[in-house]
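*Asks:* Got a predicted structure here, sequence first:
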Amino acid sequence: MLREWTAEGPALRWKASDIGTGYSSPAIAKGRVYLQTTRGDDEFALALDEKTGDKVWEAPIGKVGKNRGPQYPGTRSTPTVDGSRMYCLASDGELVCLETTRGDAKWRKHLRTDFGGADGSWAFSESVLIDGNTLVCTPGGSTAALAALDKQTGETLWTSTVPKGGNAEYSSIMIVGAGPAKQYVTFLRNGLVGVDAKSGQFLWIYDKTIDPGANILTPIVVDDRVFSAGSRTGGGLVKLEPQGDGVTATQIYFDRRIAPSIGGAVLVDGNLYGTGSEALFCADFETGEVRWTDRSVGAASVCYADHRLYVRGHNSGEVALVEPSPKKYIERGRFQQPDRSKTQAWPHPVVANGGLYLRDQGVLLCYDVSAK
């Protein structure tokens with residue numbers, strides 16, 4: 001790991017050009033870089049060589065959402081890689097299981113036509129969850145807000161009805177393993193919801209953190225507590241407790257100053273790090289106390305790896321290397337991504353095997369951040 005960056009930033013390993021457009025991040029596994037991308041009205045899965053960025057294979061996965069013309073059209077979902085298979089969700093709702101060696105399709109479903117799903121204004125956006133032999137996804141709507149499938153065959157195991165839950169939004173499902181029962185939690189249009197992992201039975205909904213525009217943040221789970229937030233509302237922590245035959249979500253705190261959204265948030269040593277509309281913040285996960293805020297690179301997407309935060313500015317394209325500390329903001333370097341497109345840099349940075357991956361429109365950049 002590079003503990004600090006020079007003024008020039010880390011060295012560029014490779015640049016994959018003309019890969020197509022999109023807003024999702026890559027997944028790296030077993031020497032391959034897997035990515036979803038868009039060309040015209042169609043979306044594809046790509047496999048690249050991790051060392052060189054050269055294309056290994058390409059496979060169609062579906063159509064661009066909203067009749068092939070939403071605002072910010074293009075793929076949103078990072079593929080979920082599980083052993084020799086990967087699972088891709090196109091923005092129009094096609095869910096496809098691909099074999100990772102050559103990209104052959106094993107099965108396909110459509111969240112709208114097969115489950116009566118309902119997406120939001122910006123199409124389907126989640127990265128599906130693999131939990132053992134089960135794939136869990138979010139069709140949204142009145143009959144199958146969440147659905148569990150056999151990951152090998154695509155056979156439906158259960159669907160979950162969430163009363164007044166609304167359409168699918170833009171976060172991904174997380175597992176709650178502690179508390180009264182194992183649950184799956186995610187954002188729907190009308191709130192953060194929890195369902196029983198075995199049956200899909202609806203358990204609870206929490207609506208304090210609903211964002212009037214879009215619910216995007218993937219919830220952060222610690223034991224029986226779940227954090228959620230909206231960029232225009234704020235962040236809240238709930239504790240899941242048994243109540244009769246069900247579960248209730250009791251609010252521990254809500255704070256308008258803790259408002260991460262499209263840039264995500266990470267939990268490091270009991271502290272939340274994320275960005276609102278203008279600044280990076282650090283807050284105590286258990287109490288919501290804001291430790292500090294700093295302009296850093298402004299609104300940004302955040303990841304954590306090797307004891308460092310990688311903070312990628314949405315507007316400037318600057319990338320800052322930050323040492324996580326509850327005491328103060330500690331920057332260990334920054335650099336400006338070259339040849340930035342005019343589109344906001346929403347894809348999250350990814351760090352794997354000493355490589356820092358930055359997705360932009362039409363290009364994927366890999367920087368060397370390995371130990372020297």
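*Replies:* Yep, that arrived. None of the values given here were measured: they were computed from a predicted structure.
*Asks:* what ranges do the strands span in the stretch 251-372 of the chain?
*Replies:* Under the criterion DSSP state E, counting those that start in this stretch, the stretch 251-372 of the chain carries strands at the ranges 265-268, 271-275, 280-284, 290-294, 300-305, 308-313, 318-323, 330-336, 350-352, 355-360, 363-368.
*Asks:* Quick check: the spatially closest residue to residue 118 that is not a sequence neighbour vs residue 200, distance?
*Replies:* Excluding its sequence neighbours, the residue lying closest to residue 118 (C-beta to C-beta, 6 or more residues apart in numbering) is residue 141, at 3.6 Å. The C-beta positions use only the backbone N, C-alpha and C, and glycine is treated the same way. Separation of residue 141 from residue 200 (C-beta to C-beta, to the nearest Å) stands at 14 Å.
*Asks:* before we move on, what about residue 6?
*Replies:* For residue 6 relative to residue 200 (C-beta to C-beta), the value is 52 Å.
*Asks:* Between those two, which has more neighbouring residues?
*Replies:* It is residue 200, of residue 6 and residue 200, that has more neighbours when counted by other C-beta atoms under 10 Å, with 21 against 10.
*Asks:* helix/strand/coil for the more buried one?
*Replies:* Secondary structure, DSSP: H, G, I helix; E, B strand; the rest coil: residue 200 is coil.
*Asks:* now do the one 10 residues further on
*Replies:* At residue 210 the chain is in coil, as set by three-state DSSP.
*Asks:* Local confidence estimate at it?
*Replies:* At residue 210, the model reports a pLDDT of 97.
*Asks:* next one: residue 372
*Replies:* 62.
*Asks:* and if you look at residue 73?
*Replies:* On pLDDT, residue 73 comes in at 90.
*Asks:* go on, residue 64?
*Replies:* Looking at residue 64, the pLDDT reads 95.
*Asks:* Show the contacting residues for the nearest residue in space to it that is not next to it in sequence.
*Replies:* Using C-beta to C-beta, 6+ apart and skipping the chain neighbours, the partner closest in space to residue 64 is residue 73 (4.9 Å). Taking C-beta atoms under 8 Å, 6 or more residues apart in numbering, we find residue 73 in contact with 38, 64-66, 91.
*Asks:* Nearest to residue 338 among the residues you listed?
*Replies:* Residue 338 has its nearest neighbour among the contacts of residue 73 in residue 38, at 22.7 Å by C-beta to C-beta.
*Asks:* isn't the closest one right up against residue 65?
*Replies:* No: Residue 38 lies out of contact with residue 65 (C-beta atoms under 8 Å); the separation is 10.3 Å.
*Asks:* more crowded one of these two?
*Replies:* Neighbours per residue, other C-beta under 10 Å: of residue 38 and residue 65, the larger number sits with residue 65, 26 against 23.
*Asks:* Just confirm that one contacts residue 92, I think it does.
*Replies:* Yes: counting by C-beta under 8 Å, residue 92 is a contact partner of residue 65 at 4.3 Å.
*Asks:* Next, the residue of the chain most remote from its centre: phi, psi?
*Replies:* Within the chain, the residue lying farthest from the chain centre (C-alpha atoms, centre = their mean) is residue 244, at 33.5 Å. Dihedral pair for residue 244: phi 60, psi -130, per degrees, to the nearest 10.
*Asks:* for residue 65, same thing?
*Replies:* Per-residue torsions, residue 65: phi -70, psi 170 (degrees, to the nearest 10).
*Asks:* quick one, what contacts it?
*Replies:* Contact analysis of residue 65 by C-beta under 8 Å, 6+ apart lists 73, 90-93, 119, 122-124.
*Asks:* Mind picking the lowest-pLDDT entry from these?
*Replies:* Least confident of those in the model: residue 73, at 90.
*Asks:* can you give me how far stretch 20-27 is from the chain middle?
*Replies:* Computed by C-alpha atoms, centre = their mean, to the nearest Å, the chain-centroid distance of stretch 20-27 equals 12 Å.
*Asks:* wait, stretch 228-236
*Replies:* Mean-position distance between stretch 228-236 and its chain equals 16 Å (C-alpha atoms, centre = their mean).
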